[in-house]
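A.B. asks: give me a 3D structure for the following:
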Amino acid sequence: MAMNRASVAALCAAAALSAVAAEKRMMSGADYVPERPDGRTERTMTWALRKYMQANPPEMHPFLKDRETFLKWRDAFRARLVEQYAKAVPDDPVFKLLKSEKRKGYELRTYEWYPFERLAVKIMMLVPDTAKPGRTPAVICMPGGGGSLEGLAGEPDPYYTRYPIRNRQAWWYAQIGMISVAVENTCNSNSSYDDMVYHATSRACGRLFPLMGINLSTISTRTVLASAKLLKREGLADPSKIAVSGLSRGCTIILAALASDDIAACNYNDFMCDTAARKISTTDIPAGETDGGGSCVEEAIALAPKPLILNEGGSWKHVIEDIKRAYELTGHPENLTIHYYDRYADPKNRKYDDKDLRGVIGLSREQFFVAANCDAYDHSFHAESALPWIGRLFMGTDKIPESLMPEIYRARAERERSPEQLYPPDGLTGRKACGWSHVASEADYVPERPDGRSEKILTWLHMEERRILTEKSREAAKKFKLLETRRRDGYVVELFEFYPDDILAVKTLVLTPSNAKRWWTPIEVCTGPYGASIEHIAGEPDPFKTPGDRHYALEAVKKGKIAIALAVPGEANCSMEGVSSVDSKNRVIGLLKGTDWSIDRLIQLEKRMCLDFFTGR
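C.D. replies: Numbering: from 1, shown residues only. Predicted coordinates:
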C-alpha cells in the first residue's frame, strides 16, 4: 500500500530519528520520488530504488495460494538446501575430544572437527549429570553477532557480547536437563583474529568464500549438521528430540533444520522482517548507507510443519502472516508459536500490522523498528519463553525449575552493555575481537597449529586462496612463453607471449619492481590511449611511435606495482604492417560480427589470463 510522506510521519511519529554524522547528508523519502513531471528521474539513486521496488512488489509469496502449490515449492526449497549443506557432511564425521571439565550439574566437553582439509572448528557440549543415554533431548545453539562458544556455554567470555547473562543459550538449556551444543557463527569471534570485530571479518571473508564455492553460512551449518550426527552416533541424545536455537545472526541455524531430518524443531530468536521491505522503506538514513538487513522469512515458511518458535515476533503483513499460513496449509498450526517483545506483547501496541512495508517509503531505522514490532534494545536470547516452549515440546512440561527463576529474573534485569564496554578505548585490554582495523601480515597466511590446520577462518581462507591461485598460475603458465628479460633501474622488464586459443599469439610486457614480494605486490593491467603499443605503455623504445607522454605501466611500476602492458586487440602490436590501428580495429570488429567473439570479450580474456598467471607466479 503506497503512502505519502505525511502519512508515513503519522505512522511512526512516536519513534526517534536516527543520529546523523555531521559530514553525511541525511537522506529522506522525498529523495526517492521522481523529480520530473513526466515521472522520470535524473538521479540514479532514485532510479535504483524504483527498480528494486519493481523487482520486489508487495504480496511476495504466491506459492501459498493452496496446499499443493505450497508443498511443491517447499520440497524444492528444502532439496536445494540439502544439496548445498547436508550432502557435504559425512555420515560419520570425525570429532576429536580435546578436553572434558566438570561443572556444577553438568560436564563441559570441547571437541573439534574438520569440515575442510586444513580447517579445524571447535564446539562445546554441555552434558547434564542427569542425562540418560539415548533418552535425553538435545539442542544445538548458535550465537548472535560477536558471540562466542564461551559465551554460549556460560564460561568466562573474552569476546564481544551485548548481554552476557541473557545470551548463555547452551547454559540455559543445560539447566533444564537438556544436552546442549555450542557452535560458533562463522567469522564471529573464536575463528576471527583477536583485533578484528565480526563485522570486519565477515566483510573480508565475503570476498574469499566464493573462491571455495561456499558462503557465510556454509561452515556453521555443516557444523550444526555434523554435531547432530555426533549426538546420535555417541548415543548421547534422543535422536527424535534434537532442536536448534539461534540468536540474531545465528538464526541462520534454521538452514540446518531445513536441510536435515535429524533436526526436529527450531527456536528463532530474532524479530521477523522482510529484507526487501526494510531496504525499500528505510530511506531516512545518512547518505552512503544501506539498511537492508532482514530475516529468514522464506526459510521459516519452508520449515512448516516442524515446530518453530518466533521468539521476538516481528512484522505481520506478508511476514508472520504468511508463516502462519504455511503452518495452516500443512494442517499443523499448533506447531508455530509466536512470542513478542514485552513492549509488543499486547496486540494493541502492534499498531501497524495492517501495513505492507514494501509499500512504505520515508522511515528512519527506529521508525522501521516500531512498524515491525521490534524493540532493538531488548534484542537478546529470551530464556523465559524459550525454555517453557522446548520443555513442553520435548519433556512434557513447560514449567521452569524454581531453582532457575532467580537467574531468569537476573537476566531480564540485565542492562545492555554500552559501546565503551564493548569496544574499550584502550583496545584489547581484557577483551578480544574489539578492534576495527587488522593490519594484514604474512603471519595471516601461515597455520598457527603444528598439524598444518588453522582455527582462524581468515587464515584458512588465505591459505586456500593461495593454493587455488597457485594452481591457476601453473595451469595458465602452459600458455605463456618468456621471450626476453631486460633490467632497468629499480625494475625488470619481461617480454612474454601467450596464447588465448590455438590460433592467436599475444605479446605483453611485464614490469616488476626489484623489491617485489610474492603475494604482497599489487598487480595492475595497463592499456594505453587509442593505438598505443605495449612499448609505449611500458615506457620502452616504441617502434610504433605512439603519440603522447603517458606511459601507464611505467607509472604503475614506479608506484611499486607489477604492471602488465597490453595493447587493445586490433591496435598497434596487434595490427598488420602498413595498416593503421583505426583500419585494423574496424576490420576486426566487422569480421567478428556473426561470431560469439568481440574485441571486448578478447581483451577481458587476455586480462584474465595475465592475472591468473602473474598473481600466483
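A.B. asks: show me the strands in this protein, by range?
C.D. replies: 95-103, 106-116, 119-128, 136-142, 179-183, 237-247, 265-269, 308-310, 336-338, 480-488, 491-498, 506-513, 523-526, 562-565 (DSSP state E).
A.B. asks: can you pull out the low-pLDDT segments for the chain?
C.D. replies: Residues of the chain meeting the criterion pLDDT under 70: 1-24, 291-294, 419-437.
A.B. asks: ok, the residue lying closest to residue 485 once chain neighbours are set aside - how many residues close by?
C.D. replies: Distance criterion CB to CB, 6 or more residues apart in numbering; nearest residue to residue 485, sequence neighbours excluded, is residue 494 at 5.3 Å. C-beta here means a position set from N, CA and C on the backbone, and glycine is covered the same way. The number of residues packed near residue 494 is 16, by other CB atoms under 10 Å.
A.B. asks: equivalent analysis for the one 3 residues further on, please.
C.D. replies: By other CB under 10 Å, 13 other residues sit near residue 497.
A.B. asks: same check on residue 93?
C.D. replies: That count, for residue 93 with other CB under 10 Å as the rule, works out to 18.
A.B. asks: again, but for residue 412
C.D. replies: Counted with other CB under 10 Å, residues neighbouring residue 412 total 15.
A.B. asks: which one is it nearest to, not counting chain neighbours?
C.D. replies: Closest to residue 412 by CB to CB, 6+ apart is residue 384, at 6.6 Å.
A.B. asks: tell me which residues touch that neighbour, please.
C.D. replies: 400, 408, 411, 412 (CB atoms under 8 Å, 6 or more residues apart in numbering).
A.B. asks: one more: residue 442?
C.D. replies: residue 520.
A.B. asks: ok, residue 537 next?
C.D. replies: Here residue 537 is in contact with 509, 526, 527, 528, 551, 552, 553, 554, 565, 566, 567 (CB under 8 Å, 6+ apart).
A.B. asks: I'd guessed the second one sits against residue 567; true?
C.D. replies: No: between residue 526 and residue 567 there is no contact, the gap being 10.4 Å when judged by CB atoms under 8 Å.
A.B. asks: of the two, which one has the most company?
C.D. replies: residue 567 (28 against 23).
A.B. asks: look up phi and psi at that one.
C.D. replies: In terms of degrees, to the nearest 10, the main-chain angles of residue 567 are phi -90, psi 150.
A.B. asks: is it possible to export the strands of the chain to JSON lines including distance to residue 156?
C.D. replies: Listed next are the strands of the chain as JSON lines, based on distance: least, CB to CB, whole Å:
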{"stretch": "strand 95-103", "distance to residue 156": "12"}
{"stretch": "strand 106-116", "distance to residue 156": "12"}
{"stretch": "strand 119-128", "distance to residue 156": "13"}
{"stretch": "strand 136-142", "distance to residue 156": "18"}
{"stretch": "strand 179-183", "distance to residue 156": "14"}
{"stretch": "strand 237-247", "distance to residue 156": "19"}
{"stretch": "strand 265-269", "distance to residue 156": "23"}
{"stretch": "strand 308-310", "distance to residue 156": "29"}
{"stretch": "strand 336-338", "distance to residue 156": "33"}
{"stretch": "strand 480-488", "distance to residue 156": "55"}
{"stretch": "strand 491-498", "distance to residue 156": "53"}
{"stretch": "strand 506-513", "distance to residue 156": "48"}
{"stretch": "strand 523-526", "distance to residue 156": "45"}
{"stretch": "strand 562-565", "distance to residue 156": "47"}
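A.B. asks: for residue 87, which of the ones you listed is the nearest?
C.D. replies: Closest of the strands of the chain to residue 87 is strand 106-116, at 13.0 Å (criterion: CB to CB).
A.B. asks: point out the other helices and strands that that closest one packs with.
C.D. replies: On a contact count with 3 or more CB pairs under 8 Å, 6 or more residues apart in numbering; DSSP states H and E, strand 106-116 meets strand 95-103, strand 119-128, helix 218-233.
A.B. asks: give the buried residues for the last one.
C.D. replies: Using 16 or more other CB atoms under 10 Å as the burial criterion, the residues of helix 218-233 that qualify are 218-232.
A.B. asks: state the number of residues packed around residue 614.
C.D. replies: 21.
A.B. asks: residue 98 too?
C.D. replies: Neighbours of residue 98 using other CB under 10 Å come to 13.
A.B. asks: bridged to the nearest residue to it once chain neighbours are set aside, which residues?
C.D. replies: Excluding its sequence neighbours, the residue lying closest to residue 98 (CB to CB, 6+ apart) is residue 110, at 4.6 Å. On the basis of DSSP bridges, residue 110 is bridged to residue 99, residue 124.
A.B. asks: is it true that residue 110 touches residue 122?
C.D. replies: Yes: in this structure, residue 110 is within contact of residue 122 by CB under 8 Å, at 6.2 Å.
A.B. asks: ok, back up a step: count of neighbours near the residue nearest to residue 98?
C.D. replies: Counted with other CB under 10 Å, residue 110 comes out at 17.
A.B. asks: got the contact list for it?
C.D. replies: 97, 98, 99, 100, 101, 122, 123, 124, 125.
A.B. asks: same check on residue 475?
C.D. replies: Listed by CB under 8 Å, 6+ apart, the contact set of residue 475 reads residue 612.
A.B. asks: nearest to residue 489 among the contacts of residue 110?
C.D. replies: residue 122 (52.3 Å).
A.B. asks: list residues touching both of residue 110 and residue 122?
C.D. replies: Joint contacts of residue 110 and residue 122 (CB under 8 Å, 6+ apart) are residue 98.
A.B. asks: so which residue is smack in the middle of this protein?
C.D. replies: When CA atoms, centre = their mean is applied to the chain, the residue found nearest the centroid is residue 216 (4.2 Å).
A.B. asks: and the gap between it and residue 314?
C.D. replies: Counting by CB to CB, to the nearest Å, the gap between residue 216 and residue 314 amounts to 22 Å.
A.B. asks: over to residue 196?
C.D. replies: Distance from residue 196 to residue 314, by CB to CB: 31 Å.
A.B. asks: looking at the two, which one has more neighbours?
C.D. replies: A count of neighbours by other CB under 10 Å puts residue 314 above the other of residue 196 and residue 314, at 25 against 22.
A.B. asks: just checking, that one touches residue 273?
C.D. replies: Yes: Residue 314 is in contact with residue 273 according to CB under 8 Å; the separation is 5.4 Å.
A.B. asks: which residues touch the residue lying closest to residue 174 once chain neighbours are set aside?
C.D. replies: Closest residue to residue 174 apart from its sequence neighbours, by CB to CB, 6+ apart: residue 126 at 4.0 Å. Counting by CB under 8 Å, 6+ apart, residue 126 makes contact with 103, 106-109, 153, 170-171, 173-174, 179-182.
A.B. asks: report the buried residues of stretch 505-521.
C.D. replies: For stretch 505-521, by 16+ other CB under 10 Å, it's 506, 507, 508, 509, 510, 511, 512, 513, 516.
A.B. asks: which one among those gets closest to residue 591?
C.D. replies: residue 506 (17.1 Å).
A.B. asks: mind listing what the closest one touches?
C.D. replies: By CB under 8 Å, 6+ apart, residue 506 lies in contact with 497, 498, 499, 500, 566, 574, 606.
A.B. asks: ok, of those, which come out buried?
C.D. replies: Buried among the contacts of residue 506 by 16+ other CB under 10 Å: 498, 566, 574, 606.
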